[in-house]
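missing the sequence, but the structure's below:
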């Protein structure tokens, strides 16, 4: 999932977050999406430098990040700081070390579990110089921020569906003609007589049709394209 979103959608989400998050104070943000069945599968959009994001993903720190681990068990927003624990046992101080270098010691996480087994987290990172005021702003606008997470995650899911949608190569005129006659129930020999071509040529074209439509066999191609006719004397 690390590269599971096209650059246009990523830029769109970045622009939305840049504009909206600025309303609540001096904040950095991370919008992360992790598959709950494969925790190595994670995507991050953030205003942090790319080197920080790449370092996090390359080290697979999501598997030890107490913010992510807590998010897996929650459905409500929660504050966090460098002392947050995972499973009430340990902290991951090396994750917070680089944040302390840029004057960040705490934040607030918003959580969403979607219908395809992802956990989405919008984590806000609070600059220490503006900590009190920013915390109050977040507390007053928690519902708006949760709504923002819902909004950008819907954009993410749309982009993912677009990226995974298979490219279908258009059928040629001959292939469309053959598929049309097959839908009417014509056998390959009957079709060969109608089109004045050999049965082997029809089979060749049908093989290309199957490949283009992304189905397993000719019968599935016929069903997918319209009406299925079950003829005992037809051998597909």
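In hand now; what should we look at? Quantities reported herein were computed from a predicted structural model and do not represent experimental measurements.

Surely residue 43 is in a strand?
Yes - applying DSSP: H, G, I helix; E, B strand; the rest coil, one finds residue 43 inside a strand.

Enumerate the positions of stretch 105-122 that are buried.
Buried residues in stretch 105-122, counted by 16 or more other CB atoms under 10 Å: 106-112, 118-122. Heads up, the C-betas are built off the backbone N, CA and C, glycines and all.

Now do the same contact list for residue 128.
Taking CB atoms under 8 Å, 6 or more residues apart in numbering as the criterion, residue 128 is in contact with 103-106.

Save the residues you listed as TSV, and put in secondary structure, pLDDT and distance to residue 205 too.
Shown next, in TSV, are these (DSSP: H, G, I helix; E, B strand; the rest coil; pLDDT from 0 to 100; distance: CB to CB, whole Å):
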residue	secondary structure	pLDDT	distance to residue 205
103	coil	85	67
104	strand	90	62
105	strand	87	67
106	strand	91	65
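
In JSON lines, list the residues you listed along with distance to residue 80.
Listed next are the contacts of residue 128 as JSON lines, based on distance: CB to CB, whole Å:
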{"residue": "103", "distance to residue 80": "16"}
{"residue": "104", "distance to residue 80": "11"}
{"residue": "105", "distance to residue 80": "10"}
{"residue": "106", "distance to residue 80": "7"}
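
Just the closest of the buried residues of stretch 105-122 to residue 9, please.
The closest of the buried residues of stretch 105-122 to residue 9 turns out to be residue 120 (CB to CB; 14.4 Å).

hang on, residue 121 in a strand?
Yes - Residue 121 sits within a strand when classified using three-state DSSP.

pLDDT at it, what is it?
Looking at residue 121, its pLDDT is 98.

again, but for residue 14
On pLDDT, residue 14 comes in at 93.

Also the one 5 residues further on?
pLDDT for residue 19: 91.
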